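Participant: Any chance you could fold what I've pasted below:
(2 chains)
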There are 2 protein chains.
Amino acid sequence: MWRFPSYIIRGVLTRRELLSGLIAASAAASLADLSFAQDAPAVRINAARLRQSLEGLSVYGRPAGGSFADGVSRVAYSDADVAGRKYAMDLMRAAGLDPRIDTAGNITAVRQGSPSLKPILFGSHIDSVPSGGNFDGDLGSLAAIEIMHTLKDHNLTTRHPLQVVIWENEEGGLVGSRIAAGESPDPARQYNGIRLADGLRKIGGDPGKLDQARIAPGSFRCYLELHIEQGGNLDKAGIPIGVVEGIVSIDEYAVEIRGFANHAGTTPMPERHNALLAAAKLIEAVQQVVTREPGRQVGTVGHLEVYPNATNVVPGLVKHSLELRDLSPEKLARLAEQIRRQAQQIARETKTEITIRHLENDPPAMANPQIQAQIEAAAAGLGLKTMRLPSGAGHDAQMMAKLGPMGMIFVPSVGGISHSPKEFTRWPDCANGANVLLHTILRMDKA
Amino acid sequence: MWRFPSYIIRGVLTRRELLSGLIAASAAASLADLSFAQDAPAVRINAARLRQSLEGLSVYGRPAGGSFADGVSRVAYSDADVAGRKYAMDLMRAAGLDPRIDTAGNITAVRQGSPSLKPILFGSHIDSVPSGGNFDGDLGSLAAIEIMHTLKDHNLTTRHPLQVVIWENEEGGLVGSRIAAGESPDPARQYNGIRLADGLRKIGGDPGKLDQARIAPGSFRCYLELHIEQGGNLDKAGIPIGVVEGIVSIDEYAVEIRGFANHAGTTPMPERHNALLAAAKLIEAVQQVVTREPGRQVGTVGHLEVYPNATNVVPGLVKHSLELRDLSPEKLARLAEQIRRQAQQIARETKTEITIRHLENDPPAMANPQIQAQIEAAAAGLGLKTMRLPSGAGHDAQMMAKLGPMGMIFVPSVGGISHSPKEFTRWPDCANGANVLLHTILRMDKA
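Facilitator: Below is the predicted model of the structure:
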């Protein structure tokens, strides 16, 4: 049931903000909604408490004898993960929530709204890569809890129920959100040396009842996630808020180049069938194809193995990865076709055989346009500049985009560094991101 | 003491051969020498017996259930090596010799000549690489024994003592010949999983008394070695005999390329410090530098490691080998300098750091010009065409070149293949090589 906001009107809205609030408001919006929209800009999260939470969480998985700057190894299903999850649940309780662990191990907690309205979901993850940083996932998770705490502090209620989610094992491949989206993972697959089924049991899940962790399509108002950019675009541009247009599609290929291994001393240069020379030419071709048209597409050869890999043998076989990412699947297909054509030419030149096998494609997950507009409006209301950009990294948000409207807010990563102890987002940027998330929630609550 | 040749004159010499024999004869040559030179062209090794020996030896180290065509793994100090060595010594005994194992494990056997004259050394090795072929080393070793057998069959004697040598552990880095040349190997170093000291004891050597295996500089008339080419030059040109000009110098470098590992999805192309892209450009640069000037020089990047070597991470570090080979150390230095200059340019382009460290240099081992001429004359006497060429591979002969005059005879490897079960030298080519070695020995005995 809808309750009239109990907080005092403090905000001062410009005519434009008022208009945008009005336009964004649904046809069914009441006068009560209007007063809510006017008040919202005044509320702010507690930036000091958010920082304290992030510093508090950083202890779990910290290298022995290290400090916050030494990063964290809180890989899924580790003892550090279990301890970090307990810490997060304690923060939830302090924020007036009653956290639950679902069968997939995801932690959720609901703040009541009208039972007839769909909940607004928001959150992130707190597991890390080995030798990771203290912001990837942590910021979005603890900002979500901080928002709940802020609403409690201000005795604010919302029309829609609010639900915070901390997804388990994001770094292993969005495992918790993937289960929520209805996929069935292999319980025997190992993550960080632990079988998934054992890992889920260790963190309080129930691998035999994963169906219960599913979220029905269309059952939430929207899903929102605050995350560090993990790239250098915002930091370079000096813009505090990124409005994610979507999470890129990833095309993965396995490349195999067959030449002929032969003696490096006795095989004249023109007689060689050098698989590594062919790979070198193909790596350059990938770079050229990907960079010669405008756009944010990226192409990477990150994994490469040489056989027999001896200093005195002309390489006979090279296997390497090829990964292409962009929001547009059409562009990815076009780039791949151009790379294939170049590979044929290289194979002829080097007297090798090149096969490029398509392994898998993660389709793009587009952010909802209305939510993008609401994030921009929320940021504008806070006096923060925004930039639209794609997410080159995968996020739990892409699983939620399969089930309902999704939006993501990015904040700058200093130097674009992530998955590293050097990962850092300035504290004011953390607070800005949390405030934009808060006000996006409030706007989505009314829109 | 010089004994008058006891065999009957059978050969028919052309005027040119007679002249060349006369010219090649030393100033001290007697009339007896002349009759020897006239007779020599008539003698031939027993080609059927040579083939039988090679087929017999191939059993030791053959893959279970395999045939001759499946090659051999008779790595040094293995049980197969021990068995093969016993087989070779039995062949020596059948050839009327009394084989001895020196403290370094090399097998030698002497056929008497004048005790006042220095011996003519010839031989090769019978150890193989894992999954090697039946000709690399084996042909030179068993042809040497066959020559001794042929001389016995024909009751031929020589002025100089003849000494056949089967060097141990050639494939491990010319270990036996290296000890003979006065180097002191590390007894703890492992070869094929066995410590050198244990390996030497296993094959009948005495690692505590390696000094006794040394050959004094200047103590032999010459060292001759017949070997398969291991490259495709002779096979391609259709020429049965290669006259080795020398064994190439090898310059080895370790290349390290430091970029910055970063997320492959979130790091824009222009922001990358991609160590593998830099390596790709450098591999192409090596190819260009090595092939753009005439000559037989070769350059190889055979070993390469990528860090962290993950499909979704821009490579932050690449380590790779660089090996340059040529008879001319000056050319090698020039090529290396050109590669260094290109590396500097590539480092700037790719925003990486490239260091190229010189690991070691094996100087070239030049074949004695007089011996090269004698090999050519011996081949001409047998009606065989010759081609001068460098050896791109290392051989025990390069150790002997440090101690006295050295010559090497090559026969064609089909398709240039070696260090492979597919390694093959046609039987008539094996016989031709053995006959050229025989007649070179006889010529050197007189020259």
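
Participant: Residue A:99 contacts residue A:87, doesn't it?
Facilitator: No. Checked against Cβ atoms under 8 Å, the pair residue A:99 and residue A:87 is beyond contact range at 11.4 Å. Glycine gets a C-beta too; all of them are placed from N, C-alpha and C.

Participant: Pick out whichever of these two has more residues nearby.
Facilitator: Legend: neighbour count by other Cβ atoms under 10 Å in any protein chain shown for residue A:99 and residue A:87, higher for residue A:99 (20 against 17).

Participant: Give me the pLDDT for the more buried one.
Facilitator: Residue A:99 is assigned a predicted lDDT (pLDDT) of 98.

Participant: Please report how far the most centrally placed residue in chain A lies from residue A:88.
Facilitator: By Cα atoms, centre = their mean, chain A has its centre lying nearest to residue A:395, at 2.7 Å. Using Cβ to Cβ, to the nearest Å, residue A:395 is found at 18 Å from residue A:88.

Participant: Also residue A:148?
Facilitator: 12 Å.

Participant: Residue A:160 too?
Facilitator: For residue A:160 relative to residue A:88 (Cβ to Cβ), the value is 23 Å.

Participant: immediately after the helix or strand residue A:323 falls within, which helix or strand?
Facilitator: Using DSSP states H and E, residue A:323 falls within strand A:317-326. Of the helices and strands lying after strand A:317-326 in sequence (DSSP H and E), the nearest is helix A:329-350.

Participant: domain ranges for chain A?
Facilitator: Listed by automatic domain parsing, the domain ranges of chain A are A:6-39, A:47-248+A:364-446, A:249-362.

Participant: Deepest in the core, which of those domains is it.
Facilitator: domain A:47-248+A:364-446 (a mean of 21; mean count of other Cβ atoms under 10 Å in any protein chain shown).

Participant: any idea how far that one is from the chain center?
Facilitator: Chain-centre distance of domain A:47-248+A:364-446: 8 Å, with Cα atoms, centre = their mean, to the nearest Å.

Participant: Quickly list what the closest residue to residue A:170 other than its chain neighbours is bridged to.
Facilitator: Excluding its sequence neighbours, the residue lying closest to residue A:170 (Cβ to Cβ, 6 or more residues apart in numbering or on different chains) is residue A:125, at 3.6 Å. Going by DSSP bridges, residue A:125 is paired in beta bridges with residue A:167.

Participant: Mind jotting down where the helices sit in the stretch 301-447 of chain A?
Facilitator: Ranges of helices within the stretch 301-447 of chain A are A:329-350, A:369-381, A:396-400, A:427-446, based on DSSP state H, counting those that start in this stretch.

Participant: now the second one against helix A:427-446, angle please.
Facilitator: Compare the direction of helix A:369-381 with that of helix A:427-446 by axes from the mean of the first three to the mean of the last three Cα atoms, to 10 degrees and you get 130 degrees.

Participant: Helix A:369-381 - what's its average pLDDT?
Facilitator: For helix A:369-381, the mean per-residue pLDDT is 97.

Participant: Ok, the third one next?
Facilitator: If you average the pLDDT over helix A:396-400, you get 97.

Participant: C-alpha coordinates for it, CSV please?
Facilitator: Presented in CSV, the C-alpha positions along helix A:396-400 are these (Å, rounded to 0.1, in the frame of the first residue of the first chain):
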residue,chain,number,x,y,z
ASP,A,396,25.1,-9.4,-12.9
ALA,A,397,23.0,-6.6,-14.4
GLN,A,398,23.1,-8.4,-17.8
MET,A,399,21.4,-11.4,-16.2
MET,A,400,18.7,-9.2,-14.8
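
Participant: contacting residues around that helix?
Facilitator: A:121, A:123-125, A:167, A:170, A:174, A:176-178, A:180-181, A:215, A:220, A:223, A:225, A:227, A:244, A:247, A:362, A:365, A:367, A:391, A:406-408 (Cβ atoms under 8 Å, 6 or more residues apart in numbering or on different chains).

Participant: For residue A:178, give its distance to residue A:394.
Facilitator: Residue A:178 is 10 Å from residue A:394, by Cβ to Cβ.

Participant: residues in contact with the residue lying closest to residue A:422 once chain neighbours are set aside?
Facilitator: The shortest distance from residue A:422 to any non-neighbouring residue, by Cβ to Cβ, 6+ apart, is to residue A:133 (7.1 Å). Residue A:133 makes contact with A:71, A:72, A:417, A:418, A:419, A:420, A:421, A:422, A:423, A:424 under the criterion Cβ under 8 Å, 6+ apart.
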